[in-house]
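Engineer: Would you be able to build a 3D model of this:
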Amino acid sequence: MPKSIFRKLFYLLIAIYSFSSVAIAQLKKLTLEDIWTKNTFQIRSFDGFQWMKLGNTYSKLIETKSGYEINQYHIVTGKKLKTIVKSLQLISENGSQPLDIDDYSFSSDESKLLIKTNTTSIYRYSQLAVYYMFDIGTQKLIPISNYEKIGNATFSPDSKKIAFTKANNLYYTKLLSLEEVAITATGEKNKIIHGHSDWVYEEELELIRAYEWSRDSRKIAFLTFDESEVKQYNIQKWGDLYPKDYTFKYPKAGEKNAEVSVSVYDLEERNTKLVLDGKGKDQYIPHIYWTQDVDILSIRLLNRNQDSLSIFHFNVNSFVGKVFKTFSSKDYVEVDDNLKYLKSDNSLITTNENDGFRHIYRYGIDGKLVIQITKGEWEVTEIVGIDELNKLIFYTSNETSSLDNQLYVIDYEGNNKKKLTTISGTHHIDLNENCSYYVDYFSNINIIETALFKIDGRKIKDLETNKEFQSKWAMYDKAKFEFGIYSTSITSLNFWTMKPSNFDSTKKYPVFMFLYGGPGSQQVLNSWNGKNRLWFEMLTQKGYIVACVDNRGTGGKGTAFRNCTTRQLGKLETEDQINFARYLGSKSYVDSARIGVFGWSYGGYMSSLCLLLGAEVFKMAIAVAPVTSWRFYDTIYTERFLKNPSDNAKGYDAYSPLKNAEKLKGKYLLVHGTGDDNVHFQNAMEMQNELIKAGKQFDSFYYPNKNHGISGGHSRLHLYQLMTNFIEENL
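Structural biologist: Numbers count the residues shown, from 1 in each chain. Predicted coordinates:
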């Protein structure tokens, strides 16, 4: 080839490289203000949406210049059919301003709305609010319980009553007469709770409303929590001249739980009968349901060790009960909400892990197995709907990849399976009642969108494409995102890396690892990772490689992979994280002397252990709201994996950061909110004490009155600025 052609080719390559470098340089760089205060990247979902029963329609709560509206739309065309209510119509008798609508629900006949406003959060999920009933026909607005803040309000199935909780008691209101009836009267703060769960049930079993209407609206089954003997935890609230104490019942590992009973209230007879007495019984009742038989109440009973879960059927008329089915495990039984009784014969479709992966099973009314409907080395994540007319089950699973969540349909016999979603990523499905349409809330590492589909998988229309976000995001410098598999002689682990856009394999880069690592969790998924994703992008713009690996004990890969950390939390997880860091450090483009790690909650526990036990690998660690001893954490979560501390002291202490504080060598930042009701501030205080005893220097920062999420009052911006500064100064 002539030299002139070589020269031309050389100059062309230089030009292409220079052009791409200039193009990258012209792209915008992220700031913390973009992420946390300016709301530059607002991601929209299709909020305020509800399927309606009458015709092919749905409702949507929207905000206009004049206030809120709840409108009815046609499913296919998206045409607004009518305005159901405007907030301008919602002016209560004791006020002159239209109500803000925080949430709403329809009665079963869709003649009435239950409107939630002036909402106050209690813990992670629970809330108190002022509720109103709006009669769509008469246009009347009626306050429930005389404008008092109440919780867990629901319509009865016959649309004639509303039940709710107030001051630890259970009530209902007759909508025709507006008579308020007290079902219970013995509720007392930090002692007795009726119809609403205690702290630990809410946090670990995600049970908030602890009552259920019978299908004929004649009875209400409810739980009563007697937490008289549960020990009390105290949080100081700062701000006044003298700090105030907030006390609540929190059962720590090995300590006394609330005693939980089941009762049934008969609305016609106005009496309550005890179905299951919890006095002296060390067990959990994760859920109660009414079966398709209006007289049969289904109760799930979980033993304290959480290795045996029974479904108990109780006839509330004859007062005869029997065990329907028991599931057991040598480690622990996963509790989920995949429990559907069929109208045709009251048989049960549910999920369990009998074959080592979570799959769908059908059991007859006698409790005997009819058929295992799904099979394979993959996991069902949710039963999203059942079409009883055509005998079809719609569910999501990770069959295509442990990184994905896709929608499938299968018949009752386990045949004719079909994948309905097509794009790789994470699909969350809202299926309408007659299983004809579904809304797909979808994301992957590049896309966040919501769309409407016909049940055969054909897209009808986009509901939210986040075009504004995508157009802004296109103007910013973005990392090179890659998924991978880290294989060892023992196992294979999913991971992702984010490299700077101008990554040069001949250079050396510091690595910042992010982790969570707790049992059943997954951080390595083909989904958008919220604002943390933007922060990681910002760090790559500063020249860091960001990486994450899902260690043994995490989810999506079957029971054996998840349960291997039972009775020894912290051991295998930390080994995997340290070994993965070594793997990254062996890369020619990684500066192995500059590897750091960050985690929050369980991730803070893990990042602390990584720095303490992997001192030769990690240069620095950030731990936000970490558990530093599992003895400080709650009964349900901790004992599920570590069992009772009296039976497994080594499992509690060997991998406690407190017991390993003297091994600290690198730079350590410990962050906590003083008002954390979940992972108590006690964890940070005791860690600090142990580090001081060991003569170790470290950094710490505490956010007054902030809970586990450390948000509000510019605290998120402050926290991420604090962490960014710490990374830049120490990595």
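Engineer: In space, what's closest to Leu452 - neighbours in sequence excluded?
Structural biologist: Excluding the flanking residues, the one nearest Leu452 by Cβ to Cβ, 6 or more residues apart in numbering is Ile460, at 4.5 Å. Every C-beta, even on glycine, is put in place using the N, C-alpha and C of the backbone.
Engineer: The one you found looks like it's in a strand, true?
Structural biologist: Yes: secondary structure assignment (DSSP: H, G, I helix; E, B strand; the rest coil) places Ile460 inside a strand.
Engineer: That one touches Val439, doesn't it?
Structural biologist: No: in terms of Cβ atoms under 8 Å, Ile460 does not count as a neighbour of Val439; the distance is 9.9 Å.
Engineer: any common contacting residues for the two?
Structural biologist: 451-453 (Cβ atoms under 8 Å, 6 or more residues apart in numbering).
Engineer: With Gln523 as the reference, measure out to Gly48.
Structural biologist: Applying Cβ to Cβ, to the nearest Å, the value for Gly48 to Gln523 is 29 Å.
Engineer: so where's this structure uncertain?
Structural biologist: Counting by pLDDT under 70, the chain has low-confidence residues at 1-25, 54-55, 92-96.
Engineer: coming back round to it: just the buried subset of the shared contacts of Ile460 and Val439, written out for ChimeraX, thanks.
Structural biologist: The following ChimeraX line selects those of the shared contacts of Ile460 and Val439 that are buried, judged by 16 or more other Cβ atoms under 10 Å:
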select :451,452,453
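Engineer: Counting only helices, which of the shared contacts of Ile460 and Val439 make the cut?
Structural biologist: Counting by DSSP state H, the shared contacts of Ile460 and Val439 place none of their members in helices.
Engineer: CA atoms only for stretch 488-506, dumped as CSV, please.
Structural biologist: Extracted C-alpha coordinates of stretch 488-506, given in CSV (Å, rounded to 0.1, in the frame of the first residue of the first chain):
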residue,chain,number,x,y,z
THR,A,488,-15.5,-19.3,40.6
SER,A,489,-14.9,-22.9,41.4
ILE,A,490,-17.9,-22.7,43.7
THR,A,491,-20.5,-20.6,42.0
SER,A,492,-21.3,-18.0,39.3
LEU,A,493,-22.4,-14.5,40.2
ASN,A,494,-24.1,-11.8,38.2
PHE,A,495,-22.4,-8.4,38.1
TRP,A,496,-22.5,-5.1,36.2
THR,A,497,-19.9,-2.4,35.7
MET,A,498,-20.1,1.2,34.6
LYS,A,499,-17.0,2.6,32.9
PRO,A,500,-16.2,6.2,32.0
SER,A,501,-17.4,7.1,28.5
ASN,A,502,-13.8,7.8,27.4
PHE,A,503,-12.6,4.6,29.0
ASP,A,504,-9.0,3.8,27.9
SER,A,505,-7.9,0.2,28.7
THR,A,506,-4.2,1.4,28.8
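Engineer: Pick out whichever of Gly48 and Gln523 has more residues nearby.
Structural biologist: Gln523 (22 against 17; other Cβ atoms under 10 Å).
Engineer: show me what contacts Leu276?
Structural biologist: Leu276 makes contact with 261-262, 285, 299, 312, 314, 321 under the criterion Cβ under 8 Å, 6+ apart.
Engineer: again but with Val200, I slipped
Structural biologist: With contact set as Cβ under 8 Å, 6+ apart, Val200 has these partners: 250-251, 257-258, 634-636.
Engineer: change it to 7 Å
Structural biologist: Listed by Cβ atoms under 7 Å, 6 or more residues apart in numbering, the contact partners of Val200 are 251, 634-636.
Engineer: Look at Gln139 and say how many residues are nearby.
Structural biologist: Residues lying near Gln139 (other Cβ under 10 Å) number 9.
Engineer: Out of the contacts of Leu276, name the ones that lie in strands.
Structural biologist: Residues of the contacts of Leu276 located in strands (DSSP state E): 261-262, 299, 312, 314, 321.
Engineer: From Thr186, how far off is the closest residue to Lys189 other than its chain neighbours?
Structural biologist: Nearest residue to Lys189, sequence neighbours excluded (Cβ to Cβ, 6+ apart): Asn168, at 6.3 Å. Using Cβ to Cβ, Asn168 is found at 9 Å from Thr186.
Engineer: Compare those two and say which is more crowded by neighbours.
Structural biologist: More crowded of Asn168 and Thr186, by other Cβ under 10 Å: Asn168, with 20 against 11.
Engineer: For Ala185, see how far away the more buried one is.
Structural biologist: Distance of Asn168 to Ala185, computed by Cβ to Cβ: 10 Å.
Engineer: Helix or strand for Thr540, just tell me which one.
Structural biologist: helix 530-541 (DSSP states H and E).
Engineer: Tell me how many other residues surround Val181.
Structural biologist: 14.
Engineer: Could you do Ile91 as well?
Structural biologist: 13.
Engineer: contacting residues around it?
Structural biologist: Ile91 is in contact with Pro98, counting by Cβ under 7 Å, 6+ apart.
Engineer: how far away is the most centrally placed residue in the chain from Asp100?
Structural biologist: The chain has Glu206 as the residue nearest its centroid, 9.0 Å off, counting by Cα atoms, centre = their mean. In this view, Glu206 and Asp100 are 26 Å apart by Cβ to Cβ.
Engineer: And Asp355, by the same measure?
Structural biologist: 49 Å.
Engineer: can you check Thr224 too?
Structural biologist: Using Cβ to Cβ, Thr224 is found at 34 Å from Asp100.
Engineer: and those two? which has more neighbours close in?
Structural biologist: Thr224 (25 against 15).
Engineer: What pairs with the helix or strand the more buried one falls within, parallel or antiparallel?
Structural biologist: Using DSSP H and E, the element containing Thr224 is strand 219-226. Strand pairing for strand 219-226, using DSSP bridges, gives strand 192-194 (antiparallel), strand 211-213 (antiparallel), strand 259-266 (antiparallel).
Engineer: hey, which of the ones you listed is tucked in deepest?
Structural biologist: Comparing these by mean neighbour count (mean count of other Cβ atoms under 10 Å), strand 192-194 ranks first with a mean of 24.
Engineer: right, and the helix or strand after that strand?
Structural biologist: That would be, after strand 192-194 and using DSSP H and E, helix 199-205.
Engineer: Tell me the buried residues in that next one?
Structural biologist: So for helix 199-205, counting by 16+ other Cβ under 10 Å, buried means 199-205.
Engineer: I'd guessed Gly78 sits against Leu463; true?
Structural biologist: No: Gly78 lies out of contact with Leu463 (Cβ atoms under 7 Å); the separation is 8.3 Å.
Engineer: who has more neighbours, these two?
Structural biologist: Leu463 (19 against 14).
Engineer: That'll do, ta.
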